[in-house]
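Colleague: Only the shape, not the letters, is given here:
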């Protein structure tokens, strides 16, 4: 630990060019905005405070975890691991293979389904089962196929698989069509539905920019019950859908970063910083809002956040 600390200190001394070990990191960047925000905060601190080189690599959960497992530096870190959503990956690579480290500094995440506040109040919608009322489903049917549309997540998201099972097990399939699309499609649809006074339901979670962008409410669900929450992910079983049963709200999530164990040998100062890295849910929501709603580049928003929170960054760096 003393060696790592001294290496980091050497890298941080102003006036010194490259860090002692020319440290570098490749940061995985999933599609959702919160993950992008965290990825660029990590990169900004590595570049501006440690003096390392940073490369951002787009990828889904499976791709990022597989690269971290291989430990060859193709992707070194996942910026936003939601548990238990991504538990199939952490069980395989953190608990099983022992090739990936999971941070011990999580922030708390909350998942559910939302509608706009106006739509909810106008139609007395408070609970997930209200989406199965024929009158409500009809108001959410924008394409005339007889089913109301509900966005359940983007392709490749573990949470989208959970939500697909939920739609079935909440008895909504006769009324609601679960839609998978990129998050930008969902955001545009929320804006359009509010402008037109139409109904629309969507998977939502905290932290997220949506709480800053629109006046939305999260619907109630049955309280989390582990006996009614049996989720098998596609990475575990091809028959995941039939073998799963989810008829309860998700438990509160623990969200943290994960990185390849090989990083400690290749870039020890960066690995030590990752072990100390922490953000709050409010941090992530605010950053996501700047990117999604204000149209700012992730790198710009991250740079501003790091500059505004220098004391917290110092603590993460052990200064």
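Modeller: On my side now, so go ahead. From a predicted model like this one, the values you see are computed outputs, not experimental measurements. Numbering: from 1, shown residues only.

Colleague: Show me where the stretch 151-300 of the chain has its helices.
Modeller: Counting by DSSP state H, counting those that start in this stretch, the stretch 151-300 of the chain has helices at residues 158-169, 183-196, 210-213, 240-243, 263-266, 268-276, 281-292, 298-308.

Colleague: would you turn those into CSV with mean pLDDT and distance to residue 135?
Modeller: In this view, the C-beta of every residue, glycine as well, is placed from N, C-alpha and C. As requested, these are exported to CSV (pLDDT from 0 to 100; distance: least, C-beta to C-beta, whole Å):
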stretch, mean pLDDT, distance to residue 135
helix 158-169, 96, 19
helix 183-196, 94, 16
helix 210-213, 90, 25
helix 240-243, 98, 29
helix 263-266, 97, 54
helix 268-276, 97, 51
helix 281-292, 92, 32
helix 298-308, 97, 41
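
Colleague: Which one, of those, ends up nearest to residue 97?
Modeller: When those are compared by C-beta to C-beta, helix 263-266 sits nearest residue 97, at 15.2 Å.

Colleague: which residues sit in contact with the closest residue in space to residue 62 that isn't next to it in sequence?
Modeller: Distance criterion C-beta to C-beta, 6 or more residues apart in numbering; nearest residue to residue 62, sequence neighbours excluded, is residue 235 at 6.7 Å. Counting by C-beta atoms under 8 Å, 6 or more residues apart in numbering, residue 235 makes contact with 62, 88, 89, 92.

Colleague: helix or strand for the first one, which one?
Modeller: In this case it means residue 62. helix 61-70 (DSSP states H and E).

Colleague: Give the rounded mean pLDDT of that helix.
Modeller: Average pLDDT, helix 61-70: 97.

Colleague: helices or strands up against that helix?
Modeller: Applying 3 or more C-beta pairs under 8 Å, 6 or more residues apart in numbering; DSSP states H and E, we find helix 61-70 packed against strand 24-29, strand 77-83, helix 87-90, strand 100-102, strand 253-260.

Colleague: hang on, the earlier thing: PyMOL command for the buried members of the contacts of residue 235?
Modeller: This is how PyMOL selects the buried members of the contacts of residue 235, with burial counted by 16 or more other C-beta atoms under 10 Å:
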select buried, resi 88+89+92
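
Colleague: Of the contacts of residue 235, which is the nearest to residue 36?
Modeller: Using C-beta to C-beta, residue 62 is the member of the contacts of residue 235 that lies nearest residue 36, at 17.9 Å.

Colleague: Can you give me every residue that contacts that closest one?
Modeller: When contacts are taken as C-beta under 8 Å, 6+ apart, residue 62 is in contact with 89, 156, 235.

Colleague: Quickly compare the helices and strands packed on helix 61-70 and say which is most buried.
Modeller: Among the helices and strands packed on helix 61-70, strand 77-83 has the highest mean neighbour count (mean count of other C-beta atoms under 10 Å), at a mean of 26.

Colleague: Let me see the backbone angles for the residue nearest to residue 62.
Modeller: When read as degrees, to the nearest 10, the backbone of residue 235 gives phi -70, psi -20.

Colleague: And the pLDDT at it?
Modeller: 87.

Colleague: Was I right to think residue 206 contacts residue 110?
Modeller: Yes - between residue 206 and residue 110 there is a contact under C-beta atoms under 8 Å: 4.5 Å.

Colleague: if we can go back for a sec, now that we have the contacts of residue 62, can you turn them into a markdown table and tack on distance to residue 266?
Modeller: Shown next, in a markdown table, are the contacts of residue 62 (distance: C-beta to C-beta, whole Å):
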| residue | distance to residue 266 |
| --- | --- |
| 89 | 22 |
| 156 | 28 |
| 235 | 27 |
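
Colleague: ok, so of the residues you listed, who is nearest residue 287?
Modeller: Residue 287 has its nearest neighbour among those in residue 156, at 21.9 Å by C-beta to C-beta.

Colleague: contacting residues for the closest one?
Modeller: By C-beta under 8 Å, 6+ apart, the residues touching residue 156 are 31, 60, 61, 62.
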